[in-house]
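**Student:** Sequence and predicted structure are below.
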Amino acid sequence: MAAPPQIAVLGAGIFVKTQYIPRLAEISNLLCLKYIWSRTEDSAKGAVEIAKQHFPGVECKWGDQGLNDIIQDGSVLGVAVVLAGQAQVDISLKLLKAGKHVIQEKPAAASTPEIETALASYNLICTNPGQPIWAVAENYRFEPAFVESKKLMADVGDMMNVQVIIEGSMNSSNPYFSSSWRRNFEGGFILDMGVHFIAGLRMMVGCELTSVSAITSHLNTTLPPPDVISSNFKLENGCSGVFVMVVSSSSPKIIWRVVGSKGTVQVERGKENGKHGYMVSLYSADGKCKSTFYSFSGVTEELKAFINDILQASIKKGSGYEAEPRSSFVEGARDVAVLEAMLESGSKGGALVHVKKF
């Protein structure tokens, strides 16, 4: 049996400490965490201290020299890039150029022009199609609730309408509220948070959004603009839908609902037996409803998929191994393209905007 692949994590912020380290610990039999890197020594050491409980051999790296050490270490197969959104693409490309497989946190990029430039650079780097692997960590595509709801779509007949209602809870009690890079991001929390909800939508309906018309507003001055968006959209199958997102609501609610000629599939964020997750419901034409609750596990599942991919790619080197498509950079790019079109439409007073294709 092949030895577990060695990986590094770049970043030592909230998400690394609260999600990456615990989730990697759950699958510690599948990998070896060799390094954690941050721009500053103190930040890196803080994350390493937490990680050592699960990975006693993990080493601390920081600054330009530390990053260079990781790039030049031939034993490191994969790297998780969990940094400020504005910095991720450049660092990911630097790692890919060095032959490392990369899983980069969402969003894929800040804009579609950055995505186009990044994809052109990546294609020049690739030794074989899709090698080295560039994955985007968009965990909603790995949540069991969305995997199941996608299957249930076969039971609703012809798609008639889609509704996505997001009433978020981004206020001062949220650990990401003060995140400076999200506040300096074009599109703010709408883009950073919104890619999750678009990913869930695209996963459920199984086709692309082609055009949008949106109204945006800025009501909560403690948040970057815009903080409210209401968009009509059209799918490539001709079906229409609505996407509504309020970044900070006093009564949070998150729901996806697809109405068909023979039934309706609904996914709603909730809590059961102390566990957070999603309730997936199938409403049939006879008035019956079948519901199942699925706990969150998307981050763990996407990391397992990435570890499996980099291991298989190293074993089958040169044979054109095809990585998990749900993680592909292009999938993440398509999420960004939808939101960028909505934001553009909002800035033009609701003008129809076609979604850029990738």
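**Tutor:** Good, I have the coordinates.

**Student:** For the rest of this, base every contact and every neighbour count on C-alpha atoms.
**Tutor:** Fine.

**Student:** what number of residues lie near G238?
**Tutor:** 13 (other Cα atoms under 10 Å).

**Student:** So what's the gap between stretch 274-286 and the chain middle?
**Tutor:** 22 Å (Cα atoms, centre = their mean, to the nearest Å).

**Student:** can you list contacts of that stretch?
**Tutor:** 145, 148-149, 152, 156, 262-271, 289-296 (Cα atoms under 8 Å, 6 or more residues apart in numbering).

**Student:** what's the average pLDDT for it?
**Tutor:** Mean pLDDT, computed over stretch 274-286, is 96.

**Student:** buried residues in it?
**Tutor:** G277, Y278, M279, V280, S281, L282, Y283, S284 (16 or more other Cα atoms under 10 Å).

**Student:** Could you export those as TSV, including distance to Q163 and secondary structure?
**Tutor:** Shown next, in TSV, are those (distance: Cα to Cα, whole Å; DSSP: H, G, I helix; E, B strand; the rest coil):
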residue	distance to Q163	secondary structure
G277	19	strand
Y278	16	strand
M279	16	strand
V280	15	strand
S281	14	strand
L282	15	strand
Y283	15	strand
S284	18	strand
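
**Student:** Can you pull up the most central residue in this protein?
**Tutor:** The residue lying closest to the centre of the chain (Cα atoms, centre = their mean) is E138, at 2.0 Å.

**Student:** ok, it - contacts?
**Tutor:** Contacts of E138 (Cα under 8 Å, 6+ apart): E105, K106, P107, H196, A199, E302, S327, G332.

**Student:** do that again at 7 Å, thanks
**Tutor:** K106, H196, S327, G332 (Cα atoms under 7 Å, 6 or more residues apart in numbering).

**Student:** Just the buried ones from the residues you listed?
**Tutor:** For the contacts of E138, buried by 16+ other Cα under 10 Å: K106, H196, S327, G332.

**Student:** Closest to A12 out of those residues?
**Tutor:** K106 (15.8 Å; Cα to Cα).

**Student:** what pLDDT does the closest one get?
**Tutor:** At K106, the pLDDT recorded in the model is 93.

**Student:** what does A2 give?
**Tutor:** 69.

**Student:** One more: the one 10 residues further on?
**Tutor:** According to the predicted model, the pLDDT of A12 comes to 94.

**Student:** now T210: how far from I165?
**Tutor:** 19 Å (Cα to Cα, to the nearest Å).

**Student:** still on that earlier bit, of the contacts of stretch 274-286, grab the buried ones for PyMOL.
**Tutor:** To isolate the buried members of the contacts of stretch 274-286 in PyMOL, using 16+ other Cα under 10 Å:
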select buried, resi 145+149+152+156+262+263+264+265+266+267+268+269+270+293+294+295+296
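
**Student:** Which ones among the contacts of stretch 274-286 lie within helices?
**Tutor:** A145, E148, S149, L152 (DSSP state H).

**Student:** Kindly reformat the residues you listed as CSV containing pLDDT and distance to Q72.
**Tutor:** Formatted as CSV, the ones in helices among the contacts of stretch 274-286 follow (pLDDT from 0 to 100; distance: Cα to Cα, whole Å):
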residue, pLDDT, distance to Q72
A145, 98, 40
E148, 97, 41
S149, 98, 43
L152, 98, 47
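
**Student:** Return the member of the residues you listed nearest to E26.
**Tutor:** Out of those, the member with the shortest distance to E26 (by Cα to Cα) is A145, at 20.1 Å.
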